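> Fold the following and give me the result.
(2 chains)
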Amino acid sequence: DGGITQSPKYLFRKEGQNVTLSCEQNLNHDAMYWYRQDPGQGLRLIYYSQIVNDFQKGDIAEGYSVSREKKESFPLTVTSAQKNPTAFYLCASSIAREDEQYFGPGTRLTVT
Amino acid sequence: QKEVEQDPGPLSVPEGAIVSLNCTYSNSAFQYFMWYRQYSRKGPELLMYTYSSGNKEDGRFTAQVDKSSKYISLFIRDSQPSDSATYLCAMSGSGANSKLTFGKGITLSVRP
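Residues are numbered from 1 along each chain as shown, chains lettered A, B, ... in the order given. A predicted model of the protein is given here:
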């Protein structure tokens, strides 16, 4: 089955700890994205990558970091510098930057 | 003015009703228009993808784009309780630097 997987589904962390969210796709898509979804705010772009070993900041990159060492994988690290990290995080991919995006199931991160 | 505006809802209709969901936008460079459906605590699922103005039909769903009015719509015929979800419009321009801009979503409830 082709698709996007995110793990874990739920993640709990203490304030001050870094945490890494996993995103893997087997769709052979070049472009991958991370979004954050908060109630009433819609989806906001954190980072995106159009090709391996390259990535760009989105609208709300502060406090986050990413890597793209393999085409299939685009992990997101939420650092302790992110002031309000509790949110629903969504990973997506597309064939190319301007094409329709397909989303993973999401990871709900709670930081206390 | 926000780039993409979507009726905030929520919207509640009886089973079998025709549903009309709408978004307006301000950026005339947008050429690709999408509708996503998101069930609670799940990732968004691509429903419809259209390019430029016109209509596109897929089963009970019809997407309509009017670029001259900067207005897009999603119609759902014979609505079912399983259509109860949040619907997000999204749009982008063309080119490698384009990004997908989302509406905030509207929650639809179809009453049996």
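> Residue A:20: what's it in contact with?
A:75-78 (C-beta atoms under 8 Å, 6 or more residues apart in numbering or on different chains). Placement of C-beta: from N, CA and C, glycine included.
> how does it look with 10 Å?
The contact partners of residue A:20, taken as C-beta atoms under 10 Å, 6 or more residues apart in numbering or on different chains, are A:11, A:65-67, A:75-79.
> just residue A:6 next, same as before
If you count contacts by C-beta under 10 Å, 6+ apart, then residue A:6 has A:21-25, A:76, A:89-91, A:103-107, B:43 around it.
> repeat that for 8 Å
So residue A:6 contacts A:21-24, A:89-91, A:104-107, B:43 (C-beta under 8 Å, 6+ apart).
> Ok, residue B:16 next?
Counting by C-beta under 8 Å, 6+ apart, residue B:16 has contacts B:78-79.
> Which of the contacts of residue A:20 are buried, as a ChimeraX select command?
The ChimeraX command for the buried members of the contacts of residue A:20 (criterion: 16 or more other C-beta atoms under 10 Å in any protein chain shown) is given here:
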select /A:11,65,66,75,76,78
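> Need the contacts of residue A:20 in TSV (columns: distance to chain B, secondary structure and pLDDT).
Listed next are the contacts of residue A:20 as TSV, based on distance: C-beta to the nearest C-beta, whole Å; DSSP: H, G, I helix; E, B strand; the rest coil; pLDDT from 0 to 100:
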residue	distance to chain B	secondary structure	pLDDT
A:11	14	strand	94
A:65	19	strand	97
A:66	16	strand	98
A:67	20	coil	97
A:75	17	coil	98
A:76	14	strand	98
A:77	20	strand	97
A:78	18	strand	96
A:79	23	coil	94
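> now, the most widely separated pair of the contacts of residue A:20?
Between any two of those, the greatest separation by C-beta to C-beta is 18.3 Å, found for A:11 and A:67.
> Help me confirm that residue A:19 comes into contact with residue A:75.
No. Counting by C-beta atoms under 8 Å, residue A:19 stays clear of residue A:75, with 10.6 Å between them.
> Mind listing what's buried along stretch B:74-91?
Under the neighbour-count rule (16+ other C-beta under 10 Å), stretch B:74-91 has B:74-76, B:79, B:83-91 buried.
> before we move on, what about stretch A:97-107?
Buried, per 16+ other C-beta under 10 Å, within stretch A:97-107: A:97-104, A:106-107.
> So which of those are in strands?
A:102-103, A:107 (DSSP state E).
> So which of these reach chain B?
Contacts with chain B within these, counted by C-beta under 8 Å from any C-beta of the partner chain: A:102-103.
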